[in-house]
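*Asks:* Please find the sequence and the predicted model below.
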Amino acid sequence: MEFTYFDVPGVVEIQPRVFGDARGAFFESFSAQKMEAAGIVGDWVQDNQSRSDRGVVRGLHFQKPPYAQAKLVRVAAGRALDVVVDIRRDSPTYGQHVSVVLDSERFNMLYVPVGFAHGFTALEDNTLFLYKCTNYYAPQAEGGLSWNDPVLNIQWGVENPTISAKDQIQPTLAELDSPF
Ligand SMILES: Cc1cn([C@H]2C[C@H](O)[C@@H](COP(=O)(O)OP(=O)(O)O[C@H]3O[C@H](C)C(=O)[C@H](O)[C@H]3O)O2)c(=O)[nH]c1=O
């Protein structure tokens, strides 16, 4: 398992060892022990899965404290452009984002710490997006950030994305009163 770090502190890409053979491939999708070796520690209490066809953008979302979630995200099928935005008020990289392509060939994953808004684009049809969370779903604590805020200048990799009504009206970074 190899780990890649970014200029935005806390975000970690994880590349598991994938064992390919004539039957296909195998890899360990989660190992608390191996993750902890990279400082990725969490009480992983909920797994989620979504399926999206090409052109869907989900996000940017977060849950407010005390229901804030760290996430460990990957794709089991298809390919996704994963985007995490630093919304930690005191962070030197506040408002900056990291984009990583997650695919079901390399089976790479991304650790999204508490204090980040998270979203992704499905780059292929039938993209199965799986993620572990360190807190349960708390709809009353849902927060969001606009996917197309010109200040964030996120390149989602698709034209005219399919976006939920909820995500069409998320606040911009300037409008956001970040709880982190
Ligand atoms: C997140 C969540 C949703 N739901 C229900 C609520 C809605 O009736 C339905 C769809 O929810 P939503 O439109 O918020 O789903 P996404 O747009 O995929 O949201 C997710 O997408 C971005 C990328 C994230 O990082 C978040 O984990 C999560 O917000 O599932 C649940 O029952 N439990 C849950 O944990």
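*Replies:* Alright, I've got the coordinates.

*Asks:* Could you use CA atoms for every contact and neighbour count after this?
*Replies:* Noted.

*Asks:* so what's the residue nearest the centre of the chain bridging to?
*Replies:* The centre of the chain sits closest to residue 118, judged by CA atoms, centre = their mean, with a distance of 4.7 Å. Counting by DSSP bridges, residue 118 is bridged to residue 61, residue 84.

*Asks:* ok, it - contacts?
*Replies:* 59, 60, 61, 62, 82, 83, 84, 85, 112 (CA atoms under 8 Å, 6 or more residues apart in numbering).

*Asks:* ok, now residue 151?
*Replies:* residue 173 are the contacts of residue 151 under CA under 8 Å, 6+ apart.

*Asks:* tell me how far stretch 46-63 is from the chain's mean position?
*Replies:* 8 Å (CA atoms, centre = their mean, to the nearest Å).

*Asks:* Could you export that stretch as PDB, CA atoms only?
*Replies:* Extracted C-alpha coordinates of stretch 46-63, given in PDB (Å, rounded to 0.1, in the frame of the first residue of the first chain):
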ATOM      1  CA  GLN A  46     -20.900   3.600   8.000                       C
ATOM      2  CA  ASP A  47     -20.300   2.500   4.400                       C
ATOM      3  CA  ASN A  48     -22.100   4.200   1.500                       C
ATOM      4  CA  GLN A  49     -22.400   3.300  -2.200                       C
ATOM      5  CA  SER A  50     -23.800   5.300  -5.100                       C
ATOM      6  CA  ARG A  51     -24.100   4.500  -8.800                       C
ATOM      7  CA  SER A  52     -23.800   7.300 -11.300                       C
ATOM      8  CA  ASP A  53     -23.700   7.400 -15.100                       C
ATOM      9  CA  ARG A  54     -21.200   9.600 -17.000                       C
ATOM     10  CA  GLY A  55     -21.700  13.300 -16.500                       C
ATOM     11  CA  VAL A  56     -23.200  13.100 -13.000                       C
ATOM     12  CA  VAL A  57     -21.600  15.500 -10.400                       C
ATOM     13  CA  ARG A  58     -22.400  14.900  -6.700                       C
ATOM     14  CA  GLY A  59     -21.400  17.500  -4.200                       C
ATOM     15  CA  LEU A  60     -19.800  19.400  -2.700                       C
ATOM     16  CA  HIS A  61     -21.000  18.100   0.600                       C
ATOM     17  CA  PHE A  62     -19.900  17.800   4.300                       C
ATOM     18  CA  GLN A  63     -21.600  17.200   7.600                       C
END
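
*Asks:* per-residue confidence averaged over it?
*Replies:* Averaging pLDDT along stretch 46-63 gives 98.

*Asks:* Residue 13 in helix, strand or coil?
*Replies:* Following DSSP: H, G, I helix; E, B strand; the rest coil, the label given to residue 13 is strand.
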